[in-house]
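> fold the following.
(one chain, ligands or ions: 4)
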Amino acid sequence: RALSVKQHRSMSQLKYKNTFIYTRFYSTSIAYLEKERAVAIKAVERASRVCQAVFKRLVTEETMTKKDKSPVTVADFSAQAVVNSILENDFPDDPVVGEEDSKDLQGEEGRVLREKVVDLVNTATEHPMSSDEILRAIDRGLYAGGSTGRHWTLDPIDGTKGFLRGEQFAVCLALIIDGRVRLGVLGCPNLPWDMSNPDGERGVLMVAVEGQGAFQRKLNSSSNEEVPISVSSVIDTKDAVFCESVEAGHSNHSDNANIAKILGISKPSVRMDSQCKYAAVARGNAEIYLRLPVSDTYVEKIWDHGAGNIVIHEAGGRVADIHGKSLDFSRGRTLSANQGVVAAGAQIFDTVIAAVQETLKYKSQI
Ligand SMILES: Nc1ncnc2c1ncn2[C@@H]1O[C@H](COP(=O)(O)O)[C@@H](O)[C@H]1OP(=O)(O)O
Ligand SMILES: [Mg+2]
Ligand SMILES: [Mg+2]
Ligand SMILES: [Mg+2]
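Residues are numbered from 1 along each chain as shown. Ligands and ions are numbered 1, 2, ... in the order given. Got it, this is the predicted structure:
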């Protein structure tokens, strides 16, 4: 699985010159998820471009409100349609667990929004799509998920609130096989390429396949160059920086601050929307991601953590819930077996979980 690109290429030539023996060898152990990786990158790149176009043209005009009061824009629907139609084309048998559905785009009530979505999607697809085809593509995301077989999970825009503020958001796509995340792509259009130069070039895509490491590449670039990434080498938590949600309604800022105090952290937290927090930890811009639950009833969704989870693992980090338990992607559309999320480099991970436990124990006593 960890063969170099050169080795991959030589095996694929053998595949064409010779017969099934090589084909089988190639497909099971050499090119593990090679096609899926390329297609997922293409899909996330296209969807990211759609989101950026929407931000330029539409964000300030109009947003709509979902029942749960989260803002949903024409970009969420368009990006889901774009990714799902690319996946359908290359992997017609793969179901998708996607965040959005077409309900709000249907009938006379949905007409205005639907027309905008149709317009936008057709700027990003190779072949024009009809309105019905677009609604159907969005609803390919209704799959229930589960512990067997393969399915994708998609958050067409994670961090809608960040997107609307012109700050961080991410297009997140992951492939789950038999209940485990095997491939993840994070498109982060507003993330600076170099954090030490925040006003410089923006747009990062991170990609990870199980056993192959994590990489970043420039989004919106003709270059396919990929750079390996790894988590920070900081081993003393007092030198660490932690990141958390901007929205206090998504993660408990005061619990997060207590944990930081126990860890001896003196630097202020980095507040960032979306799975860009995983990206920041994966390339060592921050050491820890804390997502302490704000309520006992909120259940995290698989599309909010799938891609980030594998990018962190492949960059040398670990991810678990507040009890130190790995995230279980086999339960369906949600992470119903888990509560909250903690991510950090492998070397400091156990120390961070211990601080989380201490904070929670103290809270339960008062
Ligand atoms: N009470 C909650 N606890 C944790 N996450 C939440 C909560 N409510 C919404 N979210 C989700 O948090 C994610 C954004 O996280 P962040 O603030 O870290 O960027 C969104 O996907 C959002 O889902 P939704 O799209 O359903 O609103
Ligand atoms: Mg949402
Ligand atoms: Mg989300
Ligand atoms: Mg979303």
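
> distance of Gly231 relative to Asp199?
Not quite, residue 231 is Val, not Gly. Applying Cβ to Cβ, to the nearest Å, the value for Val231 to Asp199 is 25 Å. For glycine as for every other residue, the C-beta is placed from the backbone atoms N, C-alpha and C.

> revised request: answer the last question for Ile312.
Ile312 is 27 Å from Asp199, by Cβ to Cβ.

> these two: which is more packed in?
More crowded of Ile312 and Asp199, by other Cβ atoms under 10 Å: Ile312, with 28 against 6.

> so the more buried one sits against Tyr278, correct?
Yes - using Cβ atoms under 8 Å, Ile312 makes contact with Tyr278 at a distance of 5.5 Å.

> if I look at those two, which residues touch both of them?
Residues touching both Ile312 and Tyr278 (Cβ atoms under 8 Å, 6 or more residues apart in numbering) are 319, 343.

> OK, contacts around the residue in the stretch 1-150 of the chain that ligand 3 sits nearest to?
Closest approach of the stretch 1-150 of the chain to ligand 3 (Cβ to the ion) occurs at Glu99, with a separation of 6.2 Å. In this structure, Glu99 makes contact with 76, 80, 141, 154-156, 301, 303, judged by Cβ under 8 Å, 6+ apart.

> helix or strand right after the longest strand along the chain?
Among the elements of the chain assigned as strand by DSSP state E, the one spanning the most residues is strand 180-192. Remark: after strand 180-192, the chain's next helix or strand is strand 202-209, criterion DSSP states H and E.

> hmm, who's touching that following strand?
If you take Cβ under 8 Å, 6+ apart as the criterion, strand 202-209 is touched by 1, 32-33, 37, 40-41, 44-45, 48, 182-193, 214-221, 226, 229, 279, 282-283, 307, 310-311, 313-315.

> pairing partners for it, with directions?
Paired strands of strand 202-209, with direction, are strand 180-192 (antiparallel), strand 214-218 (antiparallel) (DSSP bridges).

> same question for it, mean pLDDT?
The predicted model assigns strand 202-209 a mean pLDDT of 98.

> dump the C-alpha coordinates for it into PDB.
The C-alpha coordinates for strand 202-209 follow below in PDB (Å, rounded to 0.1, in the frame of the first residue of the first chain):
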ATOM      1  CA  ARG A 202      -5.200  30.500   0.000                       C
ATOM      2  CA  GLY A 203      -6.800  27.200  -0.800                       C
ATOM      3  CA  VAL A 204      -5.600  23.900   0.500                       C
ATOM      4  CA  LEU A 205      -6.700  20.300  -0.300                       C
ATOM      5  CA  MET A 206      -5.800  17.500   2.000                       C
ATOM      6  CA  VAL A 207      -6.100  13.900   1.100                       C
ATOM      7  CA  ALA A 208      -5.400  10.600   2.900                       C
ATOM      8  CA  VAL A 209      -5.800   7.000   2.100                       C
END
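
> in that strand, what counts as buried?
The neighbour-count criterion (16 or more other Cβ atoms under 10 Å) identifies 202-209 as the buried residues of strand 202-209.

> check stretch 243-263 too.
Residues of stretch 243-263 classed as buried by neighbour count (16+ other Cβ under 10 Å): 243-246, 250-253, 255-260, 262-263.

> same thing with stretch 96-110?
Buried positions in stretch 96-110, judged by neighbour count with 16+ other Cβ under 10 Å: 96-100, 102, 104-105, 110.

> stretch 80-97 vs ligand 4: in contact?
No - between stretch 80-97 and ligand 4, judged by Cβ under 5 Å from the ion, nothing touches; the nearest distance is 8.8 Å.

> off-centre distance for that stretch?
The chain centre lies 16 Å from the centre of stretch 80-97; the measure is Cα atoms, centre = their mean, to the nearest Å.

> that one close to ligand 1?
No - on the criterion Cβ under 6 Å from any ligand atom, stretch 80-97 is out of touch with ligand 1, staying 12.3 Å away.

> contacts for that stretch next, please.
Stretch 80-97 has contacts (Cβ under 8 Å, 6+ apart) with 35-36, 39, 42-44, 46-47, 50, 98-100, 117, 121, 124-125, 129, 133-134, 137-138, 140-141, 143-145, 150-154, 156, 171, 173, 175, 302-303, 333.

> likewise for stretch 307-319?
Outside stretch 307-319, the residues within contact range by Cβ under 8 Å, 6+ apart are 170, 172-174, 181-186, 206-214, 229-231, 275, 277-279, 281-283, 305, 326-327, 329, 341-346, 349.

> can you pull the buried residues of it?
Residues 307-319 are the ones in stretch 307-319 that count as buried (16+ other Cβ under 10 Å).

> just stretch 261-273 next, same as before
So, applying 16+ other Cβ under 10 Å, buried residues of stretch 261-273: 262-263, 265, 269-273.
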